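*Asks:* Got a predicted model here, sequence first, then my questions.
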Amino acid sequence: MLRRTRPGWLLGIVCGLAITGPAEAARWADALFSEQAHDFGSVPRGAKVRHPFVMTNRLGETITVMNVRASCGCTSGRANATTVAPGQSATVEAEMDTRNFVGKKSTVLYVDVMTASGKQAEARLGVTSFILSDVVLNPGGIDFGTVTKGQTASQVLTIDRVDAPNWRIERMVSSSRVLNASLVETARNGQMGSYAMTVSLKPKIGAGIVRDEIRLMTNDPESPSFPVLVTAVVRGSLSASPSTLSLGNVTSAAGVQGRFVVRAASPFAIGKVEGVGDGFTANVDDATKKTMHIVTVAYRPEESSLRGDLRRVFRIVTDLPGEGPLDLTATLHIEP
């Protein structure tokens, strides 16, 4: 049986602010999230560990995410949307830095939210992990970036374990339907055991975002498994320019507008554009089938109470067979 000493001072490393957050945080803000805490478990040093907290607006008015901040530098967070309409959902993704810390780490993400009527509150999301000092991943995860549907993509990640000659990875576990993975032992001596894991995307994967996890099961009873994060953005034949449209500063009641050019290899029609409301509109040039469409988006400040830095995602739904929706992002700033 493997033995590894975990010094008491490592077990006690907890960011101080994580346990002294505002006790008066409104319960309605916490209730927006389906979970308020996540434990990554044991993770290798340098590994990329992220977790999406799902926020659902069950209120009768729009919610604005004002700010996401962490209780210490070991964790960061970001929301995938600035505003969330009633009945809609968004995610706040927590990412822990495993490069500069070892041992037990606990921290809190504070999510400041405000309703359209001006009601403010703070939700608190806890994240915990135990960062292993003797298991190293290189790189810290598999990130394919942006790939085209049908494109062959493959990456190799190495795993090294020092000072444990009998340590072994026994198997891989994943519920993903879009990944292929293989694992081979590459070295073993009195000081280290090493593995190489090759991960590839299946050729028939559909367009969309890939965010999966492969868990490596070991023979170490103290740390029996650890995750490897796999991410990718798979684009189909449908594309847009720009993918992110900056509308700049809104300085007058007339508001601002901009255009997306949406293209595909074969003629298509845009059935609907989701994401309008709260001062935002979106209009398609026409309803005919063609290989290129112009989508004009606009924002009028007098039709909304939203202010500050805004980020709005418009979802383009087409009649292209086998093609999923296309998400386009517009950003702007409205003075208070």
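*Replies:* Yep, it's here.
*Asks:* quick one, helices of the stretch 1-150 of the chain?
*Replies:* Taking DSSP state H, counting those that start in this stretch, the helices of the stretch 1-150 of the chain run over residues 8-11, 27-30.
*Asks:* weakest of those helices by average pLDDT?
*Replies:* Lowest mean pLDDT within those: helix 8-11, a mean of 36.
*Asks:* Check what pLDDT the residue nearest the centre of the chain gets.
*Replies:* In the chain, the C-alpha nearest the mean C-alpha coordinate belongs to E93, at 5.0 Å (CA atoms, centre = their mean). Reading off the confidence values, E93 has pLDDT 91.
*Asks:* So for it, what's the nearest residue that isn't a sequence neighbour?
*Replies:* P52 (4.9 Å; CB to CB, 6 or more residues apart in numbering). Just so you know, the C-beta spots here come from the backbone N, C-alpha and C atoms, and that holds for glycine as well.
*Asks:* Local confidence estimate at that neighbour?
*Replies:* We have a pLDDT of 91 for P52.
*Asks:* what's near enough to touch it?
*Replies:* For P52, the contacting residues are T91, V92, E93, A94, R211, by CB atoms under 8 Å, 6 or more residues apart in numbering.
*Asks:* which parts of stretch 315-331 are buried?
*Replies:* Neighbour-count burial for stretch 315-331 flags I316, T318, L320, E323, G324, P325, L326, D327, L328, T329, A330 (criterion: 16 or more other CB atoms under 10 Å).
*Asks:* Contacts for that stretch, please.
*Replies:* Counting by CB under 8 Å, 6+ apart, 206-208, 236-240, 243-247, 258, 260, 262, 264, 266, 268-275, 280, 289, 295, 297, 299, 309-314 sit against stretch 315-331.
*Asks:* so of the buried residues of stretch 315-331, which ones are in strands?
*Replies:* The strands, defined by DSSP state E, take in I316, T318, L326, D327, L328, T329, A330 from the buried residues of stretch 315-331.
*Asks:* now Q120, which residues is it bridged with?
*Replies:* On the basis of DSSP bridges, Q120 is bridged to M114.
*Asks:* My guess is it contacts N67. True?
*Replies:* No: taking CB atoms under 8 Å as the definition, Q120 is not a contact partner of N67, at 10.8 Å.
*Asks:* between these two, what contacts are shared?
*Replies:* Common neighbours of Q120 and N67 (CB under 8 Å, 6+ apart) are D112.
*Asks:* Need the buried residues of stretch 315-331 in TSV (columns: distance to T251 and pLDDT).
*Replies:* Below are these laid out as TSV (distance: CB to CB, whole Å; pLDDT from 0 to 100):
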residue	distance to T251	pLDDT
I316	28	92
T318	34	93
L320	38	88
E323	38	79
G324	37	78
P325	32	85
L326	30	86
D327	28	87
L328	24	90
T329	21	90
A330	17	91
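*Asks:* Can I get these in CSV including distance to T56?
*Replies:* Putting these into CSV (distance: CB to CB, whole Å) gives the following:
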residue, distance to T56
I316, 23
T318, 27
L320, 29
E323, 27
G324, 22
P325, 19
L326, 23
D327, 19
L328, 23
T329, 21
A330, 23
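*Asks:* Which two of those residues have the greatest separation?
*Replies:* Taking CB to CB as the measure, the buried residues of stretch 315-331 reach their widest spread between L320 and A330, a distance of 22.5 Å.
*Asks:* In contact with I63, which residues?
*Replies:* Taking CB under 8 Å, 6+ apart, we find I63 in contact with L32, N57, T83, V84, V113, M114, T115, A116.
*Asks:* Nearest to D134 among those?
*Replies:* Nearest to D134 among the contacts of I63, with distances taken as CB to CB, is L32, at 39.3 Å.
*Asks:* right, and the closest one touches E122 too?
*Replies:* No: between L32 and E122 there is no contact, the gap being 11.2 Å when judged by CB under 8 Å.
*Asks:* overlap in contacts of these two?
*Replies:* In contact with both L32 and E122: V113, using CB under 8 Å, 6+ apart.
*Asks:* More neighbours: which of the two?
*Replies:* Neighbour count, other CB atoms under 10 Å: between L32 and E122, L32 has more, with 22 against 18.
*Asks:* For G324, see how far away that one is.
*Replies:* Distance of L32 to G324, given as CB to CB, to the nearest Å: 27 Å.
*Asks:* coming back round to it: keep only those of the contacts of P52 that are in strands.
*Replies:* T91, V92, E93, A94, R211.
*Asks:* Skipping its backbone neighbours, what lies nearest F53 in space?
*Replies:* Here the residue nearest F53, using CB to CB, 6+ apart, is V92, at 4.7 Å.
*Asks:* Please list all residues in contact with the one you found.
*Replies:* 33, 52-53, 55, 65, 68, 77-80, 109, 111, 125.
*Asks:* again, only this time at 6 Å
*Replies:* For V92, the contact set (CB atoms under 6 Å, 6 or more residues apart in numbering) comprises F53, G77, A79, V111.
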